[in-house]
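Novice: give me a model of this one.
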Amino acid sequence: MEGKGNMERLTRRHADGELFRPVYVIDRRKGYVNETDIIDKLAEYEDLEEQGKLLKLPCAVGDTVYSFSFEKILTLCVDSFVIYTDGIDARLSSKMKEYEFLKIDMDIADFGEKWFSTKEAAEAALKELERGNG
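Specialist: Numbers count the residues shown, from 1 in each chain. So this is what the prediction gives:
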């Protein structure tokens, strides 16, 4: 199974992080850009997506995420992902001393509603819930 850093990149981001540029794929035998390699890589990803084999996760293992419980913001670490027939859960553990042994599973479908990538987003969601809008 390929993991982080094992994929050969065929694109490159500009310093602003917004734009993509193709990496020049040189066919060493012919000495010119081989666009076929780029098209083949794209086709491979499209095939995987059509077959339900390509996952887009809201965060990575090791990331810090935030949730809330009883009017308190929780700082959590993503330990792993668990795939079930009906969905995918993120397995999270507490990074807070007072909740040292807290381990919870959160459905990735609830990302942005019950757990968040920023503390500010979790705080805003908690305020909405307290106002009775959640």
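
Novice: all the strands of the protein, residue numbers only.
Specialist: 11-13, 20-22, 26-27, 32-33, 64-69, 72-84, 87-94, 103-107, 115-116 (DSSP state E).

Novice: so for residue 56, which of those sits nearest?
Specialist: Of all the strands of the chain, strand 87-94 sits nearest to residue 56, with 10.3 Å by C-beta to C-beta. Quick note: C-beta positions are derived from backbone N, CA and C, even for glycine.

Novice: what about residue 125, neighbour count?
Specialist: Residue 125: 21 surrounding residues under other C-beta atoms under 10 Å.

Novice: residues contacting it?
Specialist: Residues near residue 125 by C-beta atoms under 8 Å, 6 or more residues apart in numbering: 68, 113-114, 116, 134.

Novice: worst mean pLDDT among the strands of the chain?
Specialist: Mean pLDDT is lowest for strand 32-33 among the strands of the chain, at a mean of 54.

Novice: identify the residue nearest residue 94 in space, chain neighbours excluded?
Specialist: residue 102 (3.8 Å; C-beta to C-beta, 6 or more residues apart in numbering).

Novice: list the residues that contact that neighbour.
Specialist: With C-beta under 8 Å, 6+ apart, residue 102 has these contacts: 74, 76, 93-94, 96.

Novice: with residue 90 instead?
Specialist: 57-59, 65, 78, 80-81, 105-106, 108, 111, 115.

Novice: could you do residue 111 as well?
Specialist: Going by C-beta under 8 Å, 6+ apart, the list of residues near residue 111 reads 58-59, 90, 117.

Novice: any figure for the gap between the residue nearest to residue 94 and residue 82?
Specialist: Per C-beta to C-beta, to the nearest Å, residue 102 is found 17 Å from residue 82.
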